[in-house]
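Student: this one's sequence-less:
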C-alpha cells in the first residue's frame with residue numbers, strides 16, 4: 001500500500017543499478033510517500049531498466065525544508081554525467097566515488113537524526 005504523508009516529505013538517496021551493465025548512479029530527491037521506494041513504483045515503466053535501492057532517508061514535516069535541503073545537496077553533488085533515458089528527476093542524478101557516497105549518506109542520516117529529535121516527542 002503506497003501511503004503518503006499528510007504533511008511534510010522524505011528526502012532520499014537512491015542507488016540505480018543497470019540490470020544489463022551493472023553501471024550505477026545515485027539520485028537525490030524527495031517524495032511524499034512514507035516508503036521512499038514507492039516513489040519509483042508509481043510509474044514503474046520509466047525505471048524498469050534499473051534495480052533501485054534506497055540508501056538513506058530523512059523525514060521532515062515541513063516540505064519547504066526538504067526542498068531547500070535537496071537544492072543544497074544538488075549544489076554540493078551536481079549532476080555529472082549524461083543519461084540517455086528520460087526519467088523524472090534526471091537533474092538529480094550523480095555518480096560518486098565511495099568516499100563521497102559515504103559522506104552523502106552520512107549527511108542525510110545526520111539530518112534524519114536531528115529532525116527526529118526536533119519533531120518527535
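Tutor: Yes, it's here. Just so it is clear, the model here is predicted, and its values are computed rather than measured. Residues are numbered from 1 along each chain as shown.

Student: For the longest helix belonging to the chain, buried residues please.
Tutor: Using DSSP state H to define each element, the chain has its longest helix at helix 98-119. Under the neighbour-count criterion of 16 or more other Cβ atoms under 10 Å, helix 98-119 has 101, 104, 105, 107, 108, 111, 112, 115 buried. To be clear about C-beta, it is placed using only N, CA and C from the backbone, and glycine gets the same treatment.

Student: same question, stretch 46-66
Tutor: 47, 50, 52, 54, 55, 56, 57, 58, 59, 60, 65, 66.

Student: Would you check which pair of those lies furthest apart?
Tutor: Farthest pair in these (Cβ to Cβ) is 50 and 65. Separation: 28.5 Å.

Student: Return the list of helices and strands in contact with the longest helix of the chain.
Tutor: Counting contacts by 3 or more Cβ pairs under 8 Å, 6 or more residues apart in numbering; DSSP states H and E, helix 98-119 is packed against strand 9-18, strand 24-31, strand 50-60, helix 63-76.
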